[in-house]
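> Starting from these lines, generate the structure:
(one chain, ligands or ions: 1)
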Amino acid sequence: MLDLAKKRIVLGLTGGIACYKIAELVRRLTEQGATVDVVMTEAATHFITPVTMQALSGRPVFMDAWDARIPNNMAHIDLTRGADAVLIAPASADFMAKLVHGMADDLLSTLCLARACPLLVVPAMNKEMWDNPATQRNVAQLRDDGIAVLGPAAGDQACGETGNGRMLEPHEILTDLIASFQPKVLAGKHVLLTAGPTSEPVDPVRVLSNRSSGKTGYALARAAREAGAQVTLITGATALAIPRGVQAINVMTASQMHDAVMANVRHADIFIAVAAVADWRVTNISTQKLKKTSEGGGAPIMNFAPNPDILAEVAALTNGPWCVGFAAETEKLAEHAEAKRRRKGISLLVGNLAHQVMDADTTELVLFDEQGVHPLPPAPKLDAARRLIAEIASRAPRKA
Ligand code: C5P
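Got it, this is the predicted structure:
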């Protein structure tokens, strides 16, 4: 299902050059199934035209509190009732100051005051304006009032200066908006995850690895973050972007993954081991590239030593986090998965059939716990991850 299906978003634009990026945001919101009602301040119309916004949203654009198109002349009420969120992007320093004081001297500020749904603001301004104590006081007050302030980012600014105050990119705003609708079932928790493959060097240019794409682990990291957790992701090499708001530590080998997990496990409430960790590492790593014409003309001989079992080690810690393991099997899933759960000493193990899920965007998970076997419906990996996070949140013990 689309992430914003059945959601109606009031998208407010205030004056700022970042308005040019909002055309793209409207496209992305509608692609995700949202109905978008655009409201612009007079200043915003100097940066991008209402016609552009109307064409992209496919709906009338509102600017004026006295708009004669609204029969009862109460645009501020009509637009916000039934809306799932009001999103202000870009939010100027001036507009945030008005919000802090509850001012309502145009349609957009009036509907923010009159709304009965969450308000998210995406600041965009010159770095000196952002750093100004007045703006900082206002941002702190908005947060205190329960208003979500998304960003800003740091970097090059349209004015030619560099610093804090850049508006988040449309895809980042979209991700944060989608996250705002997810239940905060892991608020206050720290989740530590492993994901992706490990790679064990053979020589300076070759590794032994596996076909894990990291998609399930990354989807879980995103879903945990959406659920309000602080997330640390220890990841092997993948082609995926680190999910927004997730702290990532890149590793290559199982030993590095082990060390990174152990260095971060103390703060974790929940540990989810999704990584496909190599069982063995090469002990006679060649310092030079192995040649086809090796001594004797035969294939190279490799010696192996077992890698540490990260999950089993974390599960055995006193006062360690609540642990979730994964098992990708090619046959006899129930048998192997339940045996693995017991062997590793964990309360929840998530199984799947490797050939069904490897490289795929969908997955079919089966949960194994003390109570038995619980198959989850097949679903896109992000939907499955959100469901799994809900299952984990309902099982993980509350820390005293
Ligand atoms: O040991 P096995 O690979 O069968 O079990 C898979 C589960 O154990 C996964 O959760 C995987 O991340 C974890 N694991 C680990 N360290 C290893 C091997 C597997 O954390 N060395």
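
> List the buried residues of stretch 160-177.
By 16 or more other C-beta atoms under 10 Å, the buried positions in stretch 160-177 come out as 163-168, 170, 172-177. Bear in mind the C-beta positions are built from the backbone N, C-alpha and C, glycine included.

> can you redo those as CSV with secondary structure?
Output for the buried residues of stretch 160-177, formatted as CSV (DSSP: H, G, I helix; E, B strand; the rest coil):
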residue, secondary structure
Gly163, strand
Asn164, strand
Gly165, strand
Arg166, strand
Met167, coil
Leu168, coil
Pro170, helix
Glu172, helix
Ile173, helix
Leu174, helix
Thr175, helix
Asp176, helix
Leu177, helix
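
> I'd like these as a markdown table, with pLDDT and distance to the ligand appended.
Listed next are the buried residues of stretch 160-177 as a markdown table, based on pLDDT from 0 to 100; distance: C-beta to the nearest ligand atom, whole Å:
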| residue | pLDDT | distance to the ligand |
| --- | --- | --- |
| Gly163 | 90 | 41 |
| Asn164 | 93 | 38 |
| Gly165 | 95 | 41 |
| Arg166 | 96 | 38 |
| Met167 | 97 | 38 |
| Leu168 | 97 | 33 |
| Pro170 | 98 | 35 |
| Glu172 | 97 | 29 |
| Ile173 | 98 | 33 |
| Leu174 | 98 | 31 |
| Thr175 | 98 | 26 |
| Asp176 | 98 | 29 |
| Leu177 | 98 | 32 |
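
> and the lengthiest helix in the chain, how far out from the chain's middle?
In the chain, with assignment by DSSP state H, the single longest helix is helix 381-395. When distances are taken as C-alpha atoms, centre = their mean, to the nearest Å, helix 381-395 is centred 14 Å away from the chain's centroid.

> what about it and the ligand, any contact?
No. Using C-beta under 6 Å from any ligand atom, helix 381-395 stays clear of the ligand, coming no nearer than 13.0 Å.

> where's the nearest residue to Asp176 once chain neighbours are set aside relative to Ala89, distance?
Taking C-beta to C-beta, 6 or more residues apart in numbering, and ignoring the residues beside it in sequence, Asp176 has Leu150 as its nearest neighbour in space, at 4.8 Å. Using C-beta to C-beta, to the nearest Å, one gets 8 Å for the distance from Leu150 to Ala89.

> so what sits against both of these two?
By C-beta atoms under 8 Å, 6 or more residues apart in numbering, Leu150 and Ala89 have these common neighbours: Val121, Val122, Ile173.

> where does the first one land in three-state SS?
Okay, so that is Val121. Under three-state DSSP, Val121 comes out as strand.

> contacting residues around the closest residue to it other than its chain neighbours?
Closest residue in space to Val121, ignoring its immediate chain neighbours: Ala91 at 4.0 Å, by C-beta to C-beta, 6+ apart. Residues in contact with Ala91, defined by C-beta under 8 Å, 6+ apart, are Thr14, Val121, Val122, Pro123, Ala124.
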